[in-house]
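S.K.: Build the 3D model from these lines:
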Amino acid sequence: MAAKTDFSPDEWKLLLQSPLIVGIAVSAAEPSGLFGVLKESMASARALVQAKLDPNADALVKAVAADYETSEGRTLAQDGIAKSLGGDKQADIVAKALAALKSVSALLDSKAPSDAGPFKAWLAGVANAVAEASAEGGFLGFGGVQVSDAEKATRQQVASALGAPAPLV
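M.R.: Numbers count the residues shown, from 1 in each chain. Purely as a prediction, here's the structure:
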């Protein structure tokens, strides 16, 4: 089992940012307006809370969730997200997020091989939760689809970047 002390400060920051990166990637794939973005943001936050409360969650997932609960952890996670994932185009944001997730995957494989699978599966679950948090298309919440084709494709890309099992569609 890996712990925070097994990672450099920059590596730990990347792990802390990873659920946010996943959420941003999926949200950027198909922006859903103000309320949709809020619902999708809350889905990432709920994933952190659920991980901390889940007695069966991987220890590294729990450590990230617990550190995110602290002011220092949240600041560390949020620091640089806009700078590192910012871009003028949605495709730029998604591409940068996927590149960051490949780095997360490589980091987990090299420094936490026993935690890598569960952590990657958790992140893939975050992608699913964000994609399903808000209906896409339609008008004033009527019509549309629960998960758009762009979100489905991004979920696949997230899983691929992580080397995690592809989500069920």
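
S.K.: hey, C-alpha coordinates of stretch 64-74 in CSV?
M.R.: Taking C-alpha atoms only, stretch 64-74 is exported to CSV below (Å, rounded to 0.1, in the frame of the first residue of the first chain):
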residue,chain,number,x,y,z
VAL,A,64,-6.2,11.4,-1.5
ALA,A,65,-9.8,11.9,-0.4
ALA,A,66,-8.7,12.6,3.2
ASP,A,67,-6.0,15.1,2.1
TYR,A,68,-8.5,16.8,-0.2
GLU,A,69,-10.7,17.5,2.9
THR,A,70,-8.0,19.8,4.4
SER,A,71,-7.6,23.4,3.3
GLU,A,72,-4.0,22.7,2.4
GLY,A,73,-4.9,19.7,0.3
ARG,A,74,-7.7,21.5,-1.6
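
S.K.: what sits up against that stretch?
M.R.: Here stretch 64-74 makes contact (CB atoms under 8 Å, 6 or more residues apart in numbering) with 4, 12, 15-16, 18-19, 48-49, 51-52, 57, 76-77. Heads up, the C-betas are built off the backbone N, CA and C, glycines and all.

S.K.: again, 7 Å this time
M.R.: Lys4, Leu15, Leu16, Leu48, Ala51, Lys52, Ala77 (CB atoms under 7 Å, 6 or more residues apart in numbering).

S.K.: The second one belongs to a helix?
M.R.: I take that to be Leu15. Yes. Membership of Leu15 in a helix is supported by DSSP: H, G, I helix; E, B strand; the rest coil.

S.K.: got a list of what it touches?
M.R.: Phe7, Val64, Val104.

S.K.: mean confidence score for the helix or strand containing Arg74?
M.R.: For Arg74, the host element (DSSP states H and E) is helix 71-78. Taken as a whole, helix 71-78 carries a mean pLDDT of 89.
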